[in-house]
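Student: no sequence on this one, just coordinates:
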């Protein structure tokens, strides 16, 4: 609708690709069989669709079909990756976990739960640019370290984390390496194809797919599976790690979204870079304070603050022009100051002024001049 503001909150969720929507609808309306039904063709065709989607997700990260476990989203994948290792850690006296201070709550809270259950946890600081120094990972490693969990890119700042360097630091250590790839899967391809990354969390609705579906890639080491235990029981689906009737339509949509991302990621990235340049060019005369290392930030994200302008007031003023946010959508119902920006060293006033704009290749042209003029009225 023409009277709608331009949607610029793609780190919270993305619009669905038309081809993905078409595939989801097909499996809702026509091929609605249960993937577990083995006695008729409806079930067989649904099973084929799930296996195809498994291949499509696996291909993005250079994994194997059998290494993909479908979940309800990255939050569940993170919980399974982290809490699913608890029994193995206890039985092998490896009860130390490393993560960064800027992880999403879907990683921080399961790790804090492990801590409450007796595990020793090291939360590493980040620099002012918003990324963890790889040397700090190496320095924090112990013989008893079970897990290192570092996100691919931060959801608030868009800053990429140095996964390749962290992988190198772990090459002679047995710690499992988990990456929350909710913001980067299908956008930065090569980094997730690193075979040293054991566990990768994926979200469907961050790559132009449906909500309510995701995946956990559980890469083998040689012939050995990651020793995860399920968090729920009943049914035995997904190798017993995630029981319940598979949502075939959502899974097929995720597979299609993954396939399209692999095919078009460079073209999408170029379009996002164009939008970023337009935004920075239009807003630079207002001298915004940009949060995050510009050399590492993803092309579709801009986190910034205008000194003296409260983020809530800014969002209200712009709400008829653009839809933006001032933090993680997952915690916005009970807004608290960003733990990410605080970890980067920003003070309370700067944090209260920060907003995030995030777009995608499907974003229409933005009237950045109108946005700039509206912001000027608040300064």
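Tutor: Now that the structure is in, tell me what you want to look at. This is a predicted model, so every value here is computed, not measured. Residues are numbered from 1 along each chain as shown.
Student: okay, now residue 229: neighbour count?
Tutor: For residue 229, the neighbour count with other C-beta atoms under 10 Å is 13. Every C-beta, even on glycine, is put in place using the N, C-alpha and C of the backbone.
Student: Could you give the bridge partners of residue 124?
Tutor: residue 100 (DSSP bridges).
Student: Hmm, it is touching residue 132, no?
Tutor: Yes: with contacts counted by C-beta atoms under 8 Å, residue 124 reaches residue 132, the gap being 5.4 Å.
Student: distance of the residue nearest the centre of the chain from residue 119?
Tutor: In the chain, the C-alpha nearest the mean C-alpha coordinate belongs to residue 182, at 1.5 Å (C-alpha atoms, centre = their mean). Separation of residue 182 from residue 119 (C-beta to C-beta, to the nearest Å) stands at 23 Å.
Student: This protein: helices as residue ranges?
Tutor: 18-29, 41-60, 74-83, 86-91, 105-116, 134-140, 163-169, 248-283, 311-318, 339-343, 348-353, 368-376 (DSSP state H).
Student: and residue 208, which of those is closest to it?
Tutor: Set against residue 208 and scored by C-beta to C-beta, the helices of the chain come closest in helix 248-283, at 5.3 Å.
Student: list the helices and strands that closest one packs on?
Tutor: helix 18-29, helix 41-60, strand 301-305, helix 368-376 (3 or more C-beta pairs under 8 Å, 6 or more residues apart in numbering; DSSP states H and E).
Student: one more time with 10 Å, if that's ok
Tutor: Here helix 248-283 touches helix 18-29, helix 41-60, strand 68-71, strand 199-203, strand 214-218, strand 301-305, strand 354-358, helix 368-376, going by 3 or more C-beta pairs under 10 Å, 6 or more residues apart in numbering; DSSP states H and E.
Student: Could you list the paired strands of the fourth one along with their orientation?
Tutor: To tie it back to what came earlier, the one meant is strand 199-203. strand 176-180 (parallel), strand 214-218 (antiparallel).
Student: Is it possible to get TSV of those that adds mean neighbour count, mean pLDDT and distance to residue 345?
Tutor: Formatted as TSV, these follow (neighbours: other C-beta atoms under 10 Å; pLDDT from 0 to 100; distance: least, C-beta to C-beta, whole Å):
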stretch	mean neighbour count	mean pLDDT	distance to residue 345
strand 176-180	27	98	22
strand 214-218	28	98	32
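Student: Which of those sits closest to residue 37?
Tutor: Nearest of those (C-beta to C-beta): strand 214-218, 22.3 Å.
Student: and that closest one with helix 248-283, angle?
Tutor: 100 degrees (axes from the mean of the first three to the mean of the last three C-alpha atoms, to 10 degrees).
Student: Tell me how the chain divides into domains.
Tutor: Here the domain parsing of the chain from automatic domain parsing is 6-15+265-376, 18-259.
Student: start to end distance for the last one?
Tutor: End-to-end span of domain 18-259 (C-alpha to C-alpha, to the nearest Å): 13 Å.
Student: picking up where we left off before, among the helices and strands packed on helix 248-283, which is the most enclosed?
Tutor: Highest mean neighbour count of the helices and strands packed on helix 248-283: strand 199-203, a mean of 30 (counted as mean count of other C-beta atoms under 10 Å).
Student: Give me the distance from it to the chain's centre.
Tutor: 8 Å (C-alpha atoms, centre = their mean, to the nearest Å).
Student: now stretch 125-136
Tutor: Taking mean C-alpha positions (C-alpha atoms, centre = their mean), stretch 125-136 and its chain are 19 Å apart.
Student: same thing with stretch 172-184?
Tutor: On C-alpha atoms, centre = their mean, the centre of stretch 172-184 falls 12 Å from that of its chain.
Student: Now do the end-to-end distance for it.
Tutor: For stretch 172-184, the end-to-end distance is 26 Å (C-alpha to C-alpha).
Student: do the same with stretch 140-149
Tutor: 13 Å.
Student: buried set for that stretch?
Tutor: 140, 141, 145, 146, 147, 148, 149 (16 or more other C-beta atoms under 10 Å).
Student: Would you mind checking the average pLDDT for it?
Tutor: The pLDDT scores in stretch 140-149 average 98.
Student: and if you look at stretch 36-55?
Tutor: On average, stretch 36-55 scores 90.
Student: Name the residues that touch it?
Tutor: 23, 26-27, 30-35, 63-70, 213, 215, 235-238, 245-259 (C-beta atoms under 10 Å, 6 or more residues apart in numbering).
Student: residue ranges with poor pLDDT in the protein?
Tutor: 1-2, 327-335 (pLDDT under 70).
Student: Can you say which of the domains of the chain is packed in most?
Tutor: domain 18-259 (a mean of 20).
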